[in-house]
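> Predicted model and sequence below, questions to follow.
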Amino acid sequence: EDQARNAAFEQRIDDGDFIEAKDWMPDHYRKTLVRQISQHAHSEIVGMLPEGNWITRAPTLKRKAILLAKVQDEGGHGLYLYSAAETLGTSRDQMLDALHTGKAKYSSIFNYPTLTWADIGVIGWLVDGAAIMNQVPLCRCSYGPYARAMIRICREESFHQRQGYESLLTMMRDGTDAQKAMVQDAVNRWWWPSLMMFGPADKDSPNSEQSMRWGIKRLSNDELRQKFVDATVPQADILGVTLPDPQLAWNAEREHYDFGPIDWTEFWRVVGGDGPCNRERLNARVKAWDEGAWVREAALAHARKRATQAAA
Ligand code: FAQ
């Protein structure tokens, strides 16, 4: 019977149908989605921390309002994504417990520090830019609830990317020499970690083949990384910054930019928990969870009171 159901499932994938929460699906498909969606949700939530660090120090009221809105959007993205993962039968408490005990992964990029205001612009430009490149194809992911969540998320990410680029343009056009140097320094520090966001090279990516066959991933890690480099180099030119890669060069034959080797040792070290800010990030999340316990308890008590009143 399972074989027949599996064949019908595979047929629906081949036909480009969306799989919905109540549909039958193979166990491995469910597990893969819970893994990817929960990691994605954790990334949004942990991703609030590096930028949150600058809310109180934004240089103008306008920049502060934009940054507040952006960080709040990221909180919202995390919540949609937890909801999408919950439709697969995993509870939010289980997912959060995995994050808080250090078992769950989240994007390597959020384990790097935000040292200056220019880092905030560069996160918008490069980190949100990489996030959009990876997430636009996920709007066509075979799992309906994830695909639909990605549509709104991508719209918001596009605003995030533009606000970052615009803030860098302002600094590069109207800024002092010191401010321009600050932008270049931030680009130097964030460029390589941004390329690592796309995950290991295809040949070292254990999950890719199956995820692509199931239409969860539509483009491979290396394809997306290449698209990101190709889109970003001209933007760097307009901005007037140098990307820190002496091997970066247009390849007329491939019609793509060639780029230098990625330090995969650094990538795996950061993914494994030993990056510059891994401990700080995890501690901040656990502290927020512990200190928010009274709010969760109060909300539950209030809901119980309302339910008894309604019953009476
Ligand atoms: N960091 O076999 P693959 C954002 C892990 S954007 C940490 O290639 P897969 C927005 C991977 O999980 C960032 N771990 O895996 C924002 C796997 O480990 P596992 C979040 C990584 O799943 C912007 C192992 O390596 N975006 O938050 C990373 O097929 C600004 C082998 O890798 C998403 O999550 C990494 N960079 O492909 C917020 C997008 N790369 O689970 C605030 C959705 C790989 O077997 C501010 N996710 N690993 O133990 C995806 O598209 C995929 O999951 C990939 C990885 C492409 C990330």
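Received it, and whenever you're ready, just let me know what you need. Treat the numbers as computed from the prediction; the structure is a model and nothing was measured.
> For Pro59, which non-adjacent residue is closest in space?
Trp117 (6.1 Å; Cβ to Cβ, 6 or more residues apart in numbering). All C-beta spots, glycine's among them, are computed from the backbone N, C-alpha and C.
> So which residues on the stretch 151-300 of the chain come close to the ligand?
Where the stretch 151-300 of the chain comes near the ligand, counting by Cβ under 6 Å from any ligand atom, the residues are 196-200, 205-208, 211, 217, 221, 271.
> Recalculate using a threshold of 5 Å.
197, 199, 205-207, 211, 271 (Cβ under 5 Å from any ligand atom).
> In CSV: those, plus neighbour count, secondary structure and pLDDT.
Output for these, formatted as CSV (neighbours: other Cβ atoms under 10 Å; DSSP: H, G, I helix; E, B strand; the rest coil; pLDDT from 0 to 100):
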residue, neighbour count, secondary structure, pLDDT
Met197, 23, coil, 98
Gly199, 21, coil, 98
Ser205, 17, coil, 97
Pro206, 8, coil, 96
Asn207, 15, coil, 96
Ser211, 21, helix, 97
Val271, 19, helix, 98
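> Out of the residues you listed, which is nearest to Ala307?
Ser211 (41.8 Å; Cβ to Cβ).
> So the closest one is in contact with Thr32, correct?
Yes - contact criterion Cβ atoms under 8 Å: Ser211 and Thr32 qualify, at 6.1 Å.
> and the residue of the chain found nearest the ligand, how many neighbours?
The ligand sits closest to Gly47 of the chain, with a gap of 2.7 Å, by Cβ to the nearest ligand atom. By other Cβ atoms under 10 Å, the residues close to Gly47 number 24.
> Mind checking the pLDDT average for the helix or strand harbouring Asn6?
If you go by DSSP states H and E, Asn6 is part of helix 2-15. Average pLDDT, helix 2-15: 94.
> Could you do stretch 67-87 as well?
Computed over stretch 67-87, the mean pLDDT rounds to 97.
> ok, Gly164 - contacts?
120-126, 128-129 (Cβ atoms under 8 Å, 6 or more residues apart in numbering).
> can you give me the strands in this protein?
Secondary structure of the chain (DSSP state E): strands located at 249-251, 256-258.
> strand partners of the first one, parallel vs antiparallel please.
When you say that, I think you mean strand 249-251. Here strand 249-251 is paired, per DSSP bridges, with strand 256-258 (antiparallel).
> list the buried ones in the partner strand?
Across strand 256-258, burial judged by 16 or more other Cβ atoms under 10 Å covers Tyr257.
> Quick check: closest non-adjacent residue to Ala249.
In this structure, Ala249 finds its nearest non-sequential neighbour in Asp258, 5.3 Å apart by Cβ to Cβ, 6+ apart.
> for Ala147, same thing?
Closest residue in space to Ala147, ignoring its immediate chain neighbours: Cys141 at 4.5 Å, by Cβ to Cβ, 6+ apart.
> dump the residue contacts of Asp237.
Per Cβ under 8 Å, 6+ apart, neighbours of Asp237: none.
> What of Gly215?
Each residue near Gly215 by Cβ under 8 Å, 6+ apart is listed here: 13, 16, 140-142.
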